[in-house]
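> Let me see the structure of the following:
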Amino acid sequence: MCARFVPNFTYDMNFFFILFILTNLMCFSNEKSHDLGEVEFEEEKIVYFIKVWGFLKYYHPNVASGNYAWDQQFLTFLPEIERAAHKKEFSEIILNWINGLGAIQDCNKCDKSKEREYFLENFDLSWFNNQDYFEKQLVQKLKFIEKNRHQGNNYYVEKQNKIGNIVLKNEPFYNQIDYVYPTKKYRLLGLAKFWNTVEYFYPYKYLTNEDWDTVLKEMTPKFLNAQGVLDYHLAMAETVVKLNDTHASFYSTELSDYFGRKTLPIIIDEISGNIVVSGYLNDSLANRNDLKIGDVITKIDEQSLNDIKKLKYKYVHGSNSSAKYFHYGYVLFGSNKDSAFVEIERKGEKYTKMLGRYDYSFLLNSKSKDTMKFCEINKNILYVNLKNINFMDMKNVILKLKSKEALILDLRNYPKIIPYKLAQSLNKNDDVFSKKIEPDLAYPGKFYWTKHKRINGAKNFYFNGKTVLLVNNRTHSRAEYVAMLLQTADDVLTIGSQTSGADGDISKVEFLGYKSYMSGAGVFYPDKTPTQRMGIKIDKLIEPTILGLQNGKDEVLEKAIEILTQQAVNF
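Coordinates of the predicted model:
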């Protein structure tokens, strides 16, 4: 028999960097426009310059081949763009700039349709047709470049052979500038780099809350007018959060210095509108401070957590609200102070306690006491904690499974491996479990569907019993991919709550001297249902309750056992 199993959740340092940003929108104006409102023109001409610069970087044959120091082109022409007083002058500057990049040969193979199925949700070059900024001759030039775009190896981007997501290359490093707070032109250059990488190579751009063009218009004045180090770093972090991607994290020592390097040793979730302790970053420190699973935290240092949440929620990264709450603890509790007054509700009573804060990096590196690999719930049900299973353990799992009638696979964690052999044992016949899109570097902004990912049917052993998968917001990235693989089982049920919504591998994205990440591979179910943001498909929604947590129950696991019992497994 298994002892009562309550998962001890811990952070994975590779993808749970917390974003914690609060900044103000600032406006600017310089010169007058003959065509548009003064402020609108001054802001948007820089926006469209950034868009043209990125388009030429990946499309113009002479630029994409690496024949120009392209960052320097941005820095050279930005002052000219800022001096442009009206549409015609703006358009002339851009057209003369493009004409100076050399002749473009007709691309005969660009028009030849390839035998591939395109995914076009992210593709949009309609901004060419904005008559407020682009006169007819310039529009024709941009469309000519699109039609006769660069083919072959791109100087600035390539794809990983096996995975298919992008890798940035040949981005220069500047010894002469202060990366922590560079001058205006370099701040805008960093924004241009980041925004255009997402524009052409982020597979889930179409799923962001805000249209990506709108993000550029919103963030350009914040980068332009950043008043010092903090404003600048907040602007970078806010831009990353707008990807609505649990993989999309941003970290800098400057932000840590401002928001604090210490926090409470707990993990929180939102349950019925309450902020509840759902796990520990460090068991012993949580016990030392008398913090219990199921505690409802209402105030910290006399501030309501709901008030703090309203101010800072939109600055926490995550594909969905469930994933955001898993990352939210640092934003609410972070400080440089060693302690905090915390108001707690526990089983109907309120307490105010002085609790210790601890270095966040130490908490992230705290070793989990959760070492259980698998156990027998009873004589017919095998429980497997996929977090701790390695390839060597898989033989023992399959051996144990031969005498069981039901299997519970816990994916409320980050698995070490992708258990293909186990999945194979759950399938009598070959099956398809996912489909991917990859960026087309020969037509940036377009993606194409790749072959289905398949799992072969059982060879030596086939398990014909019932399989139940357990998932929640800790089911992230690889865990979501593993869930899709295991969902091919011939008799499987997935229960739990919304997963992280960030499936697939990651790609690096850069500002200037600072890196971030994004989901780099587009992963879908075979029927092309996306997993990004919404998470994996769930058959039965089961969420923990405050009372259940307080009573030490694992309600999701208990529901799995109940379901198996009701389905007449012979206990």
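
> Got the domain ranges for the protein?
Using automatic domain parsing, the domain ranges for the chain come out as 38-243, 258-364, 374-566.

> Residue 418 versus residue 429, what's the distance?
20 Å (Cβ to Cβ, to the nearest Å). Placement of C-beta: from N, CA and C, glycine included.

> Neighbour count: those two, which is higher?
residue 418 (16 against 11; other Cβ atoms under 10 Å).

> SS state for the more buried one?
Under DSSP: H, G, I helix; E, B strand; the rest coil, residue 418 falls in the coil class.

> What sits closest to it if chain neighbours are left out?
Leaving out its chain neighbours, the residue that sits closest to residue 418 by Cβ to Cβ, 6 or more residues apart in numbering is residue 482, at 5.7 Å.

> looking at it, residue 436 is touching residue 448, isn't it?
No. Judged on Cβ atoms under 8 Å, residue 436 makes no contact with residue 448 at a distance of 9.7 Å.

> Those two - which one has more neighbours?
Ranked by neighbour count (other Cβ under 10 Å), residue 436 and residue 448 place residue 436 first, with 23 against 17.

> Give me the helices and strands touching the helix or strand containing that one, please.
Residue 436 belongs to strand 431-439 when elements are defined using DSSP states H and E. Identification of packing neighbours for strand 431-439 by 3 or more Cβ pairs under 8 Å, 6 or more residues apart in numbering; DSSP states H and E yields strand 447-449, strand 453-455, helix 478-486, strand 522-524.

> mean pLDDT lowest for which of the ones you listed?
For the helices and strands packed on strand 431-439, mean pLDDT drops lowest on strand 453-455, to a mean of 91.

> Show me the helices in the stretch 301-450 of the chain, by range?
Applying DSSP state H, counting those that start in this stretch to the stretch 301-450 of the chain gives helices spanning 305-312, 321-326, 329-333, 360-364, 391-401, 420-425.

> Ok, which of these comes nearest residue 471?
Between residue 471 and these, the shortest gap by Cβ to Cβ is with helix 321-326, which sits at 10.7 Å.

> so for the closest one, what's the average pLDDT?
Computed over helix 321-326, the mean pLDDT rounds to 85.

> other SSEs contacting it?
strand 266-271.

> who's in contact with whichever helix or strand comes after the strand it packs on?
Heading C-terminal from strand 266-271, the first helix or strand you meet, by DSSP H and E, is strand 274-280. Strand 274-280 has contacts (Cβ atoms under 8 Å, 6 or more residues apart in numbering) with 7-10, 265-271, 286, 291-298, 305, 309, 328, 332, 544, 546, 549.

> now strand 274-280: mean pLDDT?
For strand 274-280, the mean per-residue pLDDT is 93.

> In PDB, could you pull the C-alpha coordinates for that strand?
What follows is strand 274-280, C-alpha atoms only, in PDB (Å, rounded to 0.1, in the frame of the first residue of the first chain):
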ATOM      1  CA  ASN A 274      -8.400  33.500  -2.300                       C
ATOM      2  CA  ILE A 275      -4.600  33.400  -2.300                       C
ATOM      3  CA  VAL A 276      -3.800  30.000  -0.700                       C
ATOM      4  CA  VAL A 277      -0.600  28.300   0.300                       C
ATOM      5  CA  SER A 278      -0.500  25.200  -1.900                       C
ATOM      6  CA  GLY A 279       3.100  24.100  -1.500                       C
ATOM      7  CA  TYR A 280       6.500  24.900  -0.100                       C
END
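
> Let me know whether residue 236 touches residue 511 as I believe.
Yes. Between residue 236 and residue 511 there is a contact under Cβ under 8 Å: 5.4 Å.

> overlap in contacts of the two?
Counting by Cβ under 8 Å, 6+ apart, the contacts common to residue 236 and residue 511 are 190, 194.

> re the thing from before, among the helices and strands packed on strand 431-439, which comes closest to residue 120?
So among those, strand 447-449 is nearest, using Cβ to Cβ, at 7.9 Å.

> Just checking: what are the partner strands of that closest one?
Strand pairing for strand 447-449, using DSSP bridges, gives strand 118-119 (antiparallel), strand 431-439 (antiparallel).

> now the ones you listed in CSV, with mean pLDDT?
Formatted as CSV, the strands paired with strand 447-449 follow (pLDDT from 0 to 100):
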stretch, mean pLDDT
strand 118-119, 94
strand 431-439, 94
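
> Just say which of those is most tucked in.
Mean neighbours per residue, mean count of other Cβ atoms under 10 Å, is largest over those for strand 431-439, with a mean of 21.

> Just the angle for that strand relative to helix 478-486, thanks.
Interaxial angle of strand 431-439 relative to helix 478-486 (axes from the mean of the first three to the mean of the last three Cα atoms, to 10 degrees): 140 degrees.

> so how far is strand 431-439 off the chain centroid?
19 Å (Cα atoms, centre = their mean, to the nearest Å).

> Can you check the pLDDT for the nearest residue to residue 468 once chain neighbours are set aside?
Distance criterion Cβ to Cβ, 6+ apart; nearest residue to residue 468, sequence neighbours excluded, is residue 560 at 4.4 Å. We have a pLDDT of 96 for residue 560.

> Against residue 278, how distant is the residue nearest to residue 418?
Following Cβ to Cβ, the distance that separates residue 482 from residue 278 is 22 Å.

> Residue 41 too?
Residue 41 sits 50 Å away from residue 278 when distances are taken as Cβ to Cβ.

> returning to what we had before: ok, which of the strands paired with strand 447-449 comes nearest residue 258?
strand 431-439 (35.4 Å).

> any weak-confidence spans in this structure?
Per-residue confidence for the chain (pLDDT under 70) gives these ranges: 1-39, 112-115, 367-368, 568-571.

> For residue 75, which non-adjacent residue is spatially closest?
residue 185 (5.4 Å).

> which strands and helices sit next to the helix or strand residue 218 falls within?
In the assignment (DSSP H and E), residue 218 maps to helix 212-224. For helix 212-224, the helices and strands in contact under the criterion 3+ Cβ pairs under 8 Å, 6+ apart are helix 38-59, helix 184-201, helix 229-241.

> Now that helix: buried residues?
Buried residues in helix 212-224, counted by 16 or more other Cβ atoms under 10 Å: 212, 215-224.

> Redo those as TSV? Include distance to residue 106.
Below are the buried residues of helix 212-224 laid out as TSV (distance: Cβ to Cβ, whole Å):
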residue	distance to residue 106
212	31
215	35
216	32
217	35
218	39
219	37
220	35
221	40
222	42
223	38
224	39
